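sequence-free structure coming up:
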């Protein structure tokens, strides 16, 4: 989609602006752990791309295109997080890895991961038998015995 830094900023602005409809430069800097001049520079870039509008008072708002792009990034993140949780990756690691992965996967791969997560979540057998087997394999390093099923 876009460079990872642009995606990070769009996601941060979206998250920070929830509830009040805007984000302040300082809030964005705090959310991303960056300095104020870096945020100001990125806001000019995002404005030139039509993703944000901002005032001299430091209020940043996502445009319609900005909201669409931010939701796309957040959607990828959520799918990757669900996938990693299906694979029993611990929460903190899953969050960090989903952030890293969301910027580097093609839309084709993300589409397939969406289908896979939906397949697992919508499976009428909760959890699916093969997922129970995988969980057993992760815990014990061996395939479960067939007669235990």
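Thanks, I have the structure now. Model, not experiment: these values are computed from the prediction.

Can you list the residue ranges for strands in this protein?
Taking DSSP state E, the strands of the chain run over residues 23-24, 52-54, 59-62.

quick one: which of these is nearest residue 91?
Across the strands of the chain, residue 91 has its closest neighbour in strand 23-24 (25.5 Å, C-beta to C-beta). For the C-beta atoms, the positions are set from N, CA and C on the backbone; glycine is no exception.

hang on, the earlier thing: just the strands of the chain: most buried one?
Counting by mean count of other C-beta atoms under 10 Å, strand 23-24 has the highest mean neighbour count of these, with a mean of 22.

Next, format the strands of the chain as CSV and append mean pLDDT and distance to residue 82.
Shown next, in CSV, are the strands of the chain (pLDDT from 0 to 100; distance: least, C-beta to C-beta, whole Å):
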stretch, mean pLDDT, distance to residue 82
strand 23-24, 94, 26
strand 52-54, 92, 28
strand 59-62, 94, 24
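
Could you save those strands as JSON lines and add columns showing distance to residue 43?
Listed next are the strands of the chain as JSON lines, based on distance: least, C-beta to C-beta, whole Å:
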{"stretch": "strand 23-24", "distance to residue 43": "10"}
{"stretch": "strand 52-54", "distance to residue 43": "5"}
{"stretch": "strand 59-62", "distance to residue 43": "6"}
